[in-house]
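Enquirer: Model the following, please.
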Amino acid sequence: MEEEFKQKYSFAALQKQVSEKEKDKDKAIFKLWNGMNLDELGMSVQDNKLPGQPTKIISPFIDDNATQPDPLSKPHDWIKQKLMPRQNSVNRKKEMFSQFSEETNFYIFYNVMDEEQQLWAVENLYMRGWRYNLRKEQWFKELQLINKNLYSGKYFSIANWRIMESSQIDMQESDLCTLEQFFNNQNQ
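Expert: Numbering: from 1, shown residues only. All right, here's what the predicted structure looks like:
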C-alpha cells in the first residue's frame with residue numbers, strides 16, 4: 001500500500017505526470033508546477049511593465065525567476081567615483097578645469113567641499129574674466145561703470161543658478177578682488 005502511494009503521489013510521480021501531460025496546460029497541476037502567465041488572469045504585463053514587476057505567478061517547483069531585473073539599476077559592482085579624480089600633474093588639472101563650462105566651475109566653487117578643487121575652479125573663472133566680490137560673495141564679469149557705485153554687466157545668480165545681466169549693480173570697485181587677493185584672503 002505504501003509503495004503504491006509513493007508511486008502515485010510522490011514528488012517524482014508528480015514531476016512525471018506533469019512532464020507527460022504538457023498538452024494539458026489548462027489543468028491546475030500544470031499551472032502549479034510551471035507557474036501561471038499573468039496575462040491569462042487579465043493583467044497585461046506587456047503594456048506597462050515596471051522594473052521588478054512579476055511576469056508570472058511562480059511555483060515552488062521551478063527555478064525560473066518570476067521578476068525581471070531592472071534594466072536601469074546600477075550594476076552590483078558599480079563603485080561611486082569622486083566628482084574629480086585626483087591627477088598627479090598640475091597641468092592636467094588646469095587643462096581639465098579649462099574644459100568645464102562656467103556653470104560647472106560655479107558648481108564646484110559653491111558646492112564641492114574639496115578646497116583644492118574649489119581653488120582650481122576659481123583660477124579657471126578668473127582666466128575667463130570673472131571677478132569675485134568679497135562683500136557680496138558673488139561673481140561678476142564685463143562690468144562697466146555707469147556712475148560712482150553703479151555698474152552694468154553680468155553676474156552669476158546663485159538663486160537662479162545661471163549667468164544674468166543687470167544694469168543696476170550697486171557695489172564698490174574695491175570689493176572686487178584679483179586672483180592673488182582671493183588666494184591671500186583664503187589663507188587668512
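Enquirer: longest single helix anywhere in this protein?
Expert: Longest helix in the chain by number of residues (criterion: DSSP state H): helix 115-127.
Enquirer: Residues contacting that one, please?
Expert: 83-84, 93-94, 97-98, 100, 102, 105-106, 108-109, 112, 132, 139, 178-179, 182-183, 186 (C-beta atoms under 8 Å, 6 or more residues apart in numbering). (Glycine included, C-beta is placed from N, CA and C.)
Enquirer: Which of the residues you listed fall within strands?
Expert: Y132, W139 (DSSP state E).
Enquirer: buried subset of the contacts of helix 115-127?
Expert: Neighbour-count burial (16 or more other C-beta atoms under 10 Å) applied to the contacts of helix 115-127 gives M84, K93, F97, F100, E102, N105, F106, I108, F109, Y132, W139, F182.
Enquirer: Let me have the residues you listed in JSON lines, adding distance to F5 and pLDDT as columns.
Expert: As requested, the buried ones among the contacts of helix 115-127 are exported to JSON lines (distance: C-beta to C-beta, whole Å; pLDDT from 0 to 100):
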{"residue": "M84", "distance to F5": "71", "pLDDT": "56"}
{"residue": "K93", "distance to F5": "79", "pLDDT": "75"}
{"residue": "F97", "distance to F5": "79", "pLDDT": "80"}
{"residue": "F100", "distance to F5": "76", "pLDDT": "87"}
{"residue": "E102", "distance to F5": "81", "pLDDT": "88"}
{"residue": "N105", "distance to F5": "79", "pLDDT": "89"}
{"residue": "F106", "distance to F5": "79", "pLDDT": "89"}
{"residue": "I108", "distance to F5": "75", "pLDDT": "88"}
{"residue": "F109", "distance to F5": "79", "pLDDT": "88"}
{"residue": "Y132", "distance to F5": "88", "pLDDT": "91"}
{"residue": "W139", "distance to F5": "85", "pLDDT": "91"}
{"residue": "F182", "distance to F5": "89", "pLDDT": "77"}
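Enquirer: Can you point out the buried residues in the longest helix of the chain?
Expert: So, applying 16+ other C-beta under 10 Å, buried residues of helix 115-127: Q117, Q118, L119, W120, A121, V122, E123, N124, L125, Y126.
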